[in-house]
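Q: Starting from these lines, generate the structure:
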Amino acid sequence: MKSFMVQGTKILATGSAIPSSSLNNDQMSKIVQTSDDWIFSRTGIKERRLLTGYNQSVTNLATMASQKALDKISMDPSEIDLIILATSSPNDLFGSASQIQSQIGAVNAVAFDLTAACSGFVLGLVTASQFLSSGSYRKILVIGADVLSKWIDWSDRSTCILFGDGAGAVILESCPIKDNSILNFQLNTDGNYSDHLSIAYQDEISPHPILNLHQGCFKYVSMNGKEVYKFAVSQVPLSISRCLSSINMSVHDIDWLLLHQANERILKAVAEKLSISSNKIIANLSKYGNTSAASIPLALDEAIQENRISNDDIIVIAGFGAGLTWGTIIMRWKSI
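A: Residues are numbered from 1 along each chain as shown. Okay, here's the model as predicted:
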């Protein structure tokens, strides 16, 4: 029988994966009218990775990231109880998590997709922590992965310069509450502005002749950049402040600020509003662009590999994007 005593959450391992193909700003200028200076000055992006090749999908990257995390701690995948795949670009509309479960050999794991775009990994991490807290599961694999290059209109300069493909994964384990890493979280949604960033479904004009059904297809990524920027720089600092305040912490306690890697201007604006030094920002945006749900775990894995994060460091993680949805996690890092 499973114990339902309140448990904490600890990260056991991280992993990440990126495609081998890259597209820099100079190459981008051959696709749309732009330049390296124009893109970099407005976004902070120098290049992005694209998943190319026949029959390649989000599951390829997600599986690679997951396997790297498993290998770091020599874990048998059969020990995983649950897999949560945060993605907005599955290769199967019914979900892709089960394919990853099969590919890594996690034969005992329940697997499902979670769709919340650029906030997906944050929501996935919070969801996993609740399962661990209740004692329902003991070891959970959370993956943030997206291949939005498949959903980009490559003639639309406002979006095609921003997005790249990637995946990041973390393995979580329940632990005694005194060793809990996730100190607090806050999640928010405002659907009134959902059309500011979307991949909308569009009905065909002519209905089915007999059934009167309108069938159609999904369109490309559409974004109102100015409104998304305003939303991010106003709501994300508020979310972080409230999350810190509710556990009697302040911005002075923060060692690292890990935001969704959307735009360098947003990262700096959020840090400035909170009076956080720019040298506390974890960022890899220049190399990968906006990788949606993958951006936070990808940046986290790189920071860990570079030994930037130390034991007991306080990390503030915040995701924001389509929905519009945003969320904050306050984490005390425990060395792996």
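Q: Would you mind writing the CA trace of stretch 129-144 as PDB?
A: Output of stretch 129-144 as PDB, limited to C-alpha atoms (Å, rounded to 0.1, in the frame of the first residue of the first chain):
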ATOM      1  CA  SER A 129       5.600  17.800  -7.100                       C
ATOM      2  CA  GLN A 130       1.900  17.400  -6.100                       C
ATOM      3  CA  PHE A 131       2.000  13.700  -7.000                       C
ATOM      4  CA  LEU A 132       5.200  13.300  -5.000                       C
ATOM      5  CA  SER A 133       3.900  15.300  -2.100                       C
ATOM      6  CA  SER A 134       0.800  13.000  -1.800                       C
ATOM      7  CA  GLY A 135       2.900   9.900  -2.000                       C
ATOM      8  CA  SER A 136       1.100   8.700  -5.100                       C
ATOM      9  CA  TYR A 137       4.400   8.300  -7.000                       C
ATOM     10  CA  ARG A 138       8.100   8.200  -6.000                       C
ATOM     11  CA  LYS A 139      10.000   8.900  -9.100                       C
ATOM     12  CA  ILE A 140       8.800  11.100 -12.000                       C
ATOM     13  CA  LEU A 141      10.300  12.200 -15.300                       C
ATOM     14  CA  VAL A 142       9.300  15.700 -16.400                       C
ATOM     15  CA  ILE A 143      10.200  16.700 -19.900                       C
ATOM     16  CA  GLY A 144       9.900  20.100 -21.600                       C
END
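Q: Report the buried residues of it.
A: Neighbour counts over stretch 129-144 (16 or more other CB atoms under 10 Å) mark 129, 131-133, 136-144 as buried. In short, each C-beta sits where N, CA and C put it, glycine included.
Q: other SSEs contacting the helix or strand that Lys10 is a member of?
A: Assigned by DSSP states H and E, Lys10 belongs to strand 8-17. In terms of contacts (3 or more CB pairs under 8 Å, 6 or more residues apart in numbering; DSSP states H and E), strand 8-17 is packed against helix 58-72, helix 120-134, strand 165-175, helix 295-305.
Q: tell me the angle of that strand relative to helix 58-72?
A: Angle, strand 8-17 to helix 58-72, by axes from the mean of the first three to the mean of the last three CA atoms, to 10 degrees: 120 degrees.
Q: Strand partners (parallel or antiparallel) of strand 8-17?
A: Paired strands of strand 8-17, with direction, are strand 165-175 (antiparallel) (DSSP bridges).
Q: same question for the strand it pairs with, mean pLDDT?
A: Mean pLDDT, computed over strand 165-175, is 97.
Q: now swap in stretch 30-44 and tell me
A: Averaging the model's pLDDT scores along stretch 30-44 yields 96.
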